[in-house]
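Q: Pasting the sequence and the predicted coordinates here, then a few questions.
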Amino acid sequence: MRIRALTLRIIRQFFRDKRTLALLIAAPLLVLSLMYLVFNGDSYTPKIGVIGIPDSLAKQAEGLDADVRAFGSPELAEKALEAQDIDAYVLWDGSAPAIRLEGSDPARNRAVLSFASAWLGLSGMPAGMGVPGGIGATADTNAHLNDVAGTSSNALSEADKGTSAQAGPAAAPAIEYLHGGPAMTTFDSLGPVFIGVFAFFFVFLIAGVSFLKERTSGTLERLLATPLRRWEIVAGYICGFGLFTGIQAVLIALYSVHVLGLMMDGSIWYVLLVTLLLSATALSLGTFLSAFANTEFQMIQFIPLVIVPQIFFSGLFDLESMSPWLRWLSHLMPLTYGADALRGVMLRGEGWSGIAGDVFVLAGLSLLFMGANVLALRKHRKI
């Protein structure tokens, strides 16, 4: 009987807490649906520019899975590569092609090299590995690829050799990188995103729970009874919590770069700036949402609704392989802008002009959530 009474009490408690009950049912379904949409998206189609490619070789590219664009000069292709409009471009100088990769995403590098391997007829080309030739390659690597090309050529019949000479090169292409290089690892590529995710997640959770404790302990109510204005209270809390969350963000960034050895092509100061702004956004958002929670458990319930969707759209998964309507949701996620700025600085060496848009968006979101905090205090007590 006592076990039955306790069980009934728990059941009644769940039915009284409608939000917990709804989240218990809806949160797993939401996360699973996001995972389905993200992982079942279209395969990525590499965007490749071509300069001076023979017509016969250009026709072969039409039957392969790639978005091939013709450029009139290497300068135009280089500008498109720097703007990330294309993933690579192929320059034909009459004897052998040269491939120049954007290089900041190893997955896209593999897609480009896989396409080039199928297109140029070099079955031995290590599409999923580092640079097989050109700048940064060793003499042994180039020799190996020349042997591969020669072996493939010898295996052809005399008639096939003539066709191959017109349609594609026998020599291994030279491969260069705009950013990164053959030694770039997946962790180097995703590390900036991880910095943003961990900084945002821990600051959001700690700030929300701490501000909730201030409210449930009665401290906030006593402050509201003083001549302090609401915006002064919010600013004070943000500055107080912000000091420690800022220290945490700086430690995460410095540890990742100087201890874990993440790739760093830009300025560490820009990395610290973006990380601090991302933490400020998480801090203001966490304190705002804490106004709608009555217990620490309810605050934690916001994680699958606020944090998990942002992780999916932060850059850990290729957004261009998602449906356009789903991709649009990424513009609503603060973590998307922070991760994009961090990747730009750390992987592509971008300066202020490259990250200014993301920085202003993060600053604007921080101010927006702070203003929402001021309005949320009205539900407790009017001054």
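A: Great, that's in hand.
Q: and stretch 97-116, how far apart are its ends?
A: One end of stretch 97-116 sits 10 Å from the other (Cα to Cα, to the nearest Å).
Q: Average pLDDT for it, rounded please.
A: Averaging pLDDT along stretch 97-116 gives 87.
Q: same deal with stretch 84-94?
A: Mean predicted lDDT for stretch 84-94 stands at 86.
Q: what's the answer for stretch 234-242, then?
A: 87.
Q: Output the below-cut-off pLDDT ranges for this structure.
A: For the chain, the stretches with pLDDT under 70 are 41, 94, 121-171, 379-383.
Q: hey, which helix is longest across it?
A: As assigned by DSSP state H, the longest helix anywhere in the chain is helix 186-216.
Q: ok now that helix, how far from the chain's centre?
A: 16 Å (Cα atoms, centre = their mean, to the nearest Å).
Q: next one: stretch 253-260
A: Taking mean C-alpha positions (Cα atoms, centre = their mean), stretch 253-260 and its chain are 18 Å apart.
Q: same question, stretch 366-381
A: For stretch 366-381, the distance to the chain centre is 30 Å (Cα atoms, centre = their mean).
Q: How about stretch 323-336?
A: That offset, for stretch 323-336, works out to 11 Å (Cα atoms, centre = their mean).
Q: Which positions within that stretch qualify as buried?
A: For stretch 323-336, the neighbour count (16 or more other Cβ atoms under 10 Å) marks Leu329, Ser330, Met333, Pro334, Leu335, Thr336 as buried. For the C-beta atoms, the positions are set from N, CA and C on the backbone; glycine is no exception.
Q: Please identify which of these is nearest to Phe211.
A: Pro334 (18.0 Å; Cβ to Cβ).
Q: List the single closest residue to that closest one in space, sequence neighbours excluded.
A: In space, and not counting its chain neighbours, Pro334 is closest to Thr281: 4.7 Å by Cβ to Cβ, 6 or more residues apart in numbering.
Q: list the helices and strands the one helix or strand that neighbour maps to packs on?
A: Per DSSP states H and E: Thr281 is located in helix 268-289. Applying 3 or more Cβ pairs under 8 Å, 6 or more residues apart in numbering; DSSP states H and E, one finds that helix 268-289 contacts helix 186-216, helix 230-254, helix 334-348, helix 352-376.
Q: wait, Ala77 sits on Gly52?
A: No: Ala77 lies out of contact with Gly52 (Cβ atoms under 8 Å); the separation is 10.4 Å.
Q: which residues do those two both contact?
A: By Cβ atoms under 8 Å, 6 or more residues apart in numbering, Ala77 and Gly52 have these common neighbours: Leu91.
Q: out of these two, which sits in the busier spot?
A: Ala77 (24 against 15; other Cβ atoms under 10 Å).
Q: Brilliant, that's me finished.
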